[in-house]
Each structure stands twice: as C-alpha cells, then as structure tokens.
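sequence? don't have it. structure:
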C-alpha cells in the first residue's frame, strides 16, 4: 500500500488521470496496461464531445422521459393497466392504485400499503425493480448494476444510473483504503460509461487528495452503508422514469397542483392557504373582498385627497385640502381611531409617506414644503424646502436615512434627514403633478418625467429607462415586491406594467370614471391579487389583478373617491378618501364594528415648528 | 372638487380667461379666421390638455352640418369651444378632429392678457377658482 502511495505521489493529478483514464485520451494500451476486453456494462464508443454528462450533484430535477424497451418491467394487462376510472375516463386504475400505495408507504402505513398491493393485485413495483431497490439500499453495488440492465431502460438513462451507483462504490472503496480496487472501478467501470467526464476527473483526484473529496461534498457520512444506499435511491428516483419507480410524493404533488388550479381560478380568493380544504372544491365568494362600510372617519374639514396605510398596517395616514394631515391608529379589533391631526402646512396637503419602520411620516404641501413628523408624539421634526421652488411629491430612502422629493422646476432632489443635499437630478425628471417611488434596494427612482412617460432612473448605472404610455399619466403605484407598476391614465384606464428587465404591459383595468381629478389606485389582498381604485362617480372599484375582471363597484361616498389604500396587515381592510370630506373603512360583510360611524378627535398638533 | 389634474404648457400659451388654466399652444393654431356667435374663434390642430368633452350633437353651422362635442375647461368647467367629430360636407372634412377655441373665452399671445409659462392655480379645485 505504501509503495502504491509513493508511486502515485510521483505524478501530479493530471498524470494520474492519464494513467487511470486511458480511454478518454484515446490510448488502447498505456504503460503496459491492456484494456479490459469485457467491461461490466456494454460500452458505446463515440467521440468525447458526444458523451452525455450529469450535473455536479448528478440528480436531475425532472424525470427523463424516453421510449422504453419492450422488455421493460411493466404491470401485466390483467392488473388493470387498460382499465380507467373517473367520469372522464382519463385516470388509469393501475396508476391510481400505485400512487395511493406509494402514499401509504410514504406516510409510514406499511401494512396498509402491502394490503392494498395484495388486495388489488397491482404491485407498486415489479419484482425486478423491488430487487434492484433492495440491492441499492443494502449497498450491493455490483448486483444492482447488473439488475439495472434487466429493467429495460434506455441506454442514456441506464448509463447515468450506473454512474451514480458506481461512483458510490468507488467512494466506499476509497474510504476503506482499497485504492487498487477503487482505481480499477474508475478505469474499467466508470470511465467506459462516457458520462460526466468532468466529475470523473474530480473523482480521480480523490485518490491522491482526500481533501478533494471534501471539496466535492463527499464526506464519510455519504458512504455509510444503508444511509448511502437510501441517498442513492433518492437520486435514482429522480433519474428513472416515473412508470418504473413511482416518485415518493406523487400523490401530494397532484393534490397540491389541483389546489393551485382551484386557487388560481378563484377570482375572489383572499384567504390564507390554511383555509383550503380537500373536502370540497375551493371557491371564495364576494364576501372575501372588503365591500361593507365598517367606519366613516369624519375628522377632515374638506376634501380628502390621499390616504395610505403604514407598512405594518397599524396606522393610516390621510391628507386633505384643509391643509392638514391625520394619523389614524388601527386597533387590533379593526377599529380605526384618530391619533394626531398634523397642522402647519399653508396649502392643501397632497400626499403622506410612511418611513420604512413606520415611526415617522412625511407630508407634502401643494407647491410648498415637506414636513417630517414623529408618529408617536405627532411632533414636527423637520421642514424641507428649497428657495424659489415648490415641492410636489416625496418619499423615503429604503433605509429611512433620507428622503427624496420632486420639484416644480422638474428636478428630483435627495436629502438626508437634516435637509442636506445628497444628490440632485436636473432637467425633465418629473412633472408638476407627479408621483415618485424608489425601489426597496434604493437603486431605482421612478418618476413621471413627461405627460405620457415614466422614467426608471438607475442611480448606480446612471441609466434611464422609459415606460411609454398611450395617454397622459395621472398617477402611479409601485407594488410591494417592486416588480410591477400600476399606472392611472387620462383615458380612464389603469395599466399594469412589469418593470423587471424591459418594461412590459401586463394587464388593463377599465370601468371607473376619471375626467378632471387625480384618481389613485393600489394593489391589495392576498399576494396583492386585487387592484382597487377611486373614481369620480363616488364609487370604489375592485378588479382581479390577473384576469382584469371587474369584481365590485362599491357605492357609499357622496363625492369623487380620490384615493384608496389596502391594509397590508389585514387582507380584508380597505380605506377610501373622498371629496365628501370622509374616509371610509371597508371590511367583510359579516364583520361589523359597533360605533363605526363615530369620528374620534383627540391630540391636535398644530403649527409644527419650522 | 378633488385635486385637479392639470398640465402646465410651455411656450406661448392660450389659457382659460376665467381660471387661467392652460389649454393650447400658439404653435398649434391652424386658422384665426373662424367666427362664432360671440365673435372670433381660432381653429387648433389640438387642444389636448386640461379639457373635458361633452356629448356628441349635430349642429348646423354657417358651413353646413357638423357633429361636434363641446369642450370644457377642467379648472372651472366653462365652455371654451368645441371639437369637430365629423363634417357632413366633403369640403369641410379637414376640420374633423380639430378644435375651436372661442377668442373671448381664452387669454392668449395676441391679446392684452398674453400669458407665457403661466403657473398660477394649476392644481386647485373648483371652489378655489370659482
């Protein structure tokens, strides 16, 4: 053994590969070693380029489909292979029973599984496959390779499966320090398969460098008898056709897929997946969408132009033509109570914007200043202004350490919390009436840059990309995952754009009314599956995001609905702001709060310091 | 009512005489030789900002029967002119899709109330501008 190690140490790994893998390099005889006349598996001679290889972990995600030979182990026709069940006649009885049997074994009900096989006369696997699985599990590598040949697989699959088994054999021989036998397995059994040559080279290097085994992710644990057999069996299961070795979680997968289909087909779906049941087909009703007025908030003294829930859904911010903004608190029972009235602006307040941690809020006066407020105390912490220029929109850096603002001179400015300029983009970057947003990674600023175009400004690459719309843009909203943009247009349409990569129009929503005002829409519900919008006809409109189907038009307000916001912390809570001076809180039909019509006034904070 | 969606035009601007909302650009004038009941009127290639349109109606004019829609200023709701949807006579087809602004309803470059880059009151509400 020592002599062999010395001999090996005289060569580097590349020489070693030459010694061990003569066939790869086209030598019939190398260093006097004759090629075996009859390797364990039938060889397929062919150029190196044509050799098939498996990925590093030599397991494939999908089962390889292939035409199987006539000699493949199959259930007999007498076992009901041609018989079908179900109303549509598409479910083969034998397959159905096998999948149930497989599920029983997976769940640990071995007796029940065996009983079903016996009673139905339909074995889960053929006797050959059972023999093969037993051999693999018990680490009988040579026997399992021999049995594999009798199963009747395609050449490609048989080679790949043999590779997995023989690789394990090789590693176990290495672990037992049987280097000559390991070398023999590599040269005479693995190499002739012409599979995954890159992996073969790495295995070769394992002989002289045990650390290489660690780098390949091969540890002692992987070579422990039954445990290694089970792991190989798992990998083989992914490789072999499902008809031969039924995948372990097949029944679960089918049921999950059926639930997915039902959920996707359910336009009103707005419940957590834990509510899905196997007992009946899933179908949510309209009662899963907030459609009932639970509260009317009446603290504003004029038209309410904007409303937005905080990120955690525990607060609601609103702004009004009455020059004020209000912070409302959402109690655990769903009741919305007034927390602070924020006074100090000299003009109507256009929007509010919550800090990433919801501890502070920005308010933007129309062509005026931006104020930053503390949510818990209602105190004005800072006033941001620029001489000779009005501010028209604002938002937070994702880290909460700065803010950005759109100006009346069409520039965009970034400030730290103390108002120091960080960056400024001059030129046609924003409009006089303009929405702005910044992605969660802080890399992209999104702004309406001209009447019918949205600018996607990459801060790092200094690269601009445009979304060109068919009509004038009145407002937009960025989805929670930053992948989609909801754009409200002059022509009474709302467009959904994907902004990952090149912008792409996904869907259009129609039905609401808009002729004169800035009307805002939002994403909402489970997985943001719904689109809600205000409308000049005093109603709130709700569409199914994927299908574009108009689901509900909610009457109640007596003036144009300017803005809506869906609570991110409560799938069943929606707020709407209207020209009638009120904010309506919408919820589910069956959920009614008492005293909902009351307006709760307290803690007025006026004239926040400049 | 509501936060008005108003576009600010740049250049030589015609705006609403009542609330000063921008309506059209001098560059878009096709002809100044039109007339209406209240006096002079200008034909514009486009008046695409800050207006809303009324219902279609058939209207007999000096040059024949036309299908028109009245156009209103979004700021104050005043009728400022009309749009030709279709003309019934072949000689008048050139008017289709074009706009008329009544001269006395607008302030513009050729009058004493010439406004350029006017920015006032562009996004208030009806009540502000009444």
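Good, I have the coordinates. Please read all numbers here as calculations on a predicted model, not as lab measurements. Residues are numbered from 1 along each chain as shown, chains lettered A, B, ... in the order given.

So which residues on the stretch 251-400 of chain A come close to chain B?
Residues of the stretch 251-400 of chain A lying close to chain B (Cβ under 8 Å from any Cβ of the partner chain) are A:303, A:305, A:321, A:348, A:350, A:366-367. Every C-beta, even on glycine, is put in place using the N, C-alpha and C of the backbone.

what's the lowest-pLDDT member of the residues you listed?
Least confident of these in the model: residue A:367, at 83.

For that one, which non-adjacent residue is spatially closest?
Excluding the flanking residues, the one nearest residue A:367 by Cβ to Cβ, 6 or more residues apart in numbering or on different chains is residue A:390, at 3.2 Å.

hang on, the one you found packs against residue A:350?
No - using Cβ atoms under 8 Å as the test, residue A:390 is too far from residue A:350 to be in contact (10.6 Å).

Give the residues shared as contacts by those two.
Residues touching both residue A:390 and residue A:350 (Cβ atoms under 8 Å, 6 or more residues apart in numbering or on different chains) are residue A:366.

In terms of neighbours, single out the busier of those two.
residue A:350 (28 against 19; other Cβ atoms under 10 Å in any protein chain shown).

OK, contacts around that one?
Residue A:350 touches A:305-306, A:319, A:364-366, A:392-393, B:3, counting by Cβ under 8 Å, 6+ apart.

closest to residue A:564 among those?
For those, the residue nearest residue A:564 by Cβ to Cβ is residue A:306; the value is 10.3 Å.

How far off centre is the helix or strand that that closest one is a member of?
Secondary structure from DSSP states H and E places residue A:306 in strand A:304-309. Between the centre of strand A:304-309 and the centre of its chain there are 30 Å (Cα atoms, centre = their mean, to the nearest Å).

got the contact list for that strand?
For strand A:304-309, contacts defined as Cβ under 8 Å, 6+ apart pick out A:315-321, A:330, A:348-354, A:518, A:520, A:562-569, A:573, A:575-579, A:581-583, B:2-3.

what about 6 Å?
For strand A:304-309, the external contacting residues (Cβ atoms under 6 Å, 6 or more residues apart in numbering or on different chains) are A:316-320, A:351-352, A:562-563, A:565, A:567, A:575, A:577, A:583, B:3.

ok and the residue in chain B nearest chain A?
residue B:2 (3.3 Å; Cβ to the nearest Cβ).

mind checking pLDDT for that residue?
At residue B:2, pLDDT is 86.

pretty sure it is touching residue A:559, no?
No - using Cβ atoms under 6 Å, residue B:2 makes no contact with residue A:559, being 7.9 Å away.

just to revisit the earlier point, in TSV: the contacts of residue A:350, plus secondary structure.
Shown next, in TSV, are the contacts of residue A:350 (DSSP: H, G, I helix; E, B strand; the rest coil):
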residue	secondary structure
A:305	strand
A:306	strand
A:319	strand
A:364	strand
A:365	strand
A:366	coil
A:392	strand
A:393	strand
B:3	coil
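
okay, the residues you listed in a markdown table with distance to residue A:179 next?
Below are the contacts of residue A:350 laid out as a markdown table (distance: Cβ to Cβ, whole Å):
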| residue | distance to residue A:179 |
| --- | --- |
| A:305 | 80 |
| A:306 | 76 |
| A:319 | 78 |
| A:364 | 75 |
| A:365 | 81 |
| A:366 | 82 |
| A:392 | 77 |
| A:393 | 72 |
| B:3 | 81 |
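
Chain B: which of the residues of the stretch 251-400 of chain A next to chain B is nearest?
residue A:305 (4.8 Å).

quick one: furthest residue from the center of chain B?
Going by Cα atoms, centre = their mean, the residue of chain B most distant from its centre is residue B:90, 24.4 Å out.

mind giving me the domain split of chain A?
Chain A is divided into the following domains under automatic domain parsing: A:2-74+A:126-248, A:249-284, A:288-385+A:477-587.

among those, which is nearest residue B:24?
The closest of the domains of chain A to residue B:24 is domain A:288-385+A:477-587. By Cβ to Cβ, the value is 16.2 Å.

For stretch A:397-416, which residues meet the burial criterion?
By 16 or more other Cβ atoms under 10 Å in any protein chain shown, the buried positions in stretch A:397-416 come out as A:397, A:402-408, A:410-415.

pLDDT below threshold where in the stretch 451-600 of chain A?
Scanning the stretch 451-600 of chain A for pLDDT under 70 picks out the ranges A:462-463, A:589-600.

need the residues of it near chain B, please.
With Cβ under 6 Å from any Cβ of the partner chain as the criterion, the stretch 451-600 of chain A comes near chain B at residues A:474, A:515-518, A:560, A:562, A:579.

any idea which of those residues has the most stuff around it?
Within these, neighbour counts (other Cβ under 10 Å) peak at residue A:562, which reaches 28 neighbours.

give the contact list for the residue most central in space within chain B.
Residue closest to the average C-alpha location in chain B (Cα atoms, centre = their mean): residue B:101, at 3.9 Å. Contacts for residue B:101 were tallied using Cβ under 6 Å, 6+ apart; they are B:42, B:80-81.

now the helices for chain B?
For chain B, the helices defined by DSSP state H occupy B:126-129.

still on that earlier bit, and of the domains of chain A, who's closest to residue B:48?
Closest among the domains of chain A, using Cβ to Cβ: domain A:288-385+A:477-587, at 9.2 Å.

what about that closest one, distance to the chain center?
26 Å.

Now the terminal residues of that domain, how far apart.
One end of domain A:288-385+A:477-587 sits 9 Å from the other (Cα to Cα, to the nearest Å).

Output the below-cut-off pLDDT ranges for chain B.
Applying pLDDT under 70 to chain B picks out residues B:1, B:37, B:110-130.

one step back: in strands, which of the contacts of strand A:304-309 appear?
A:316-320, A:351-352, A:562-563, A:565, A:575, A:577, A:583 (DSSP state E).

Thanks a lot, catch you later.
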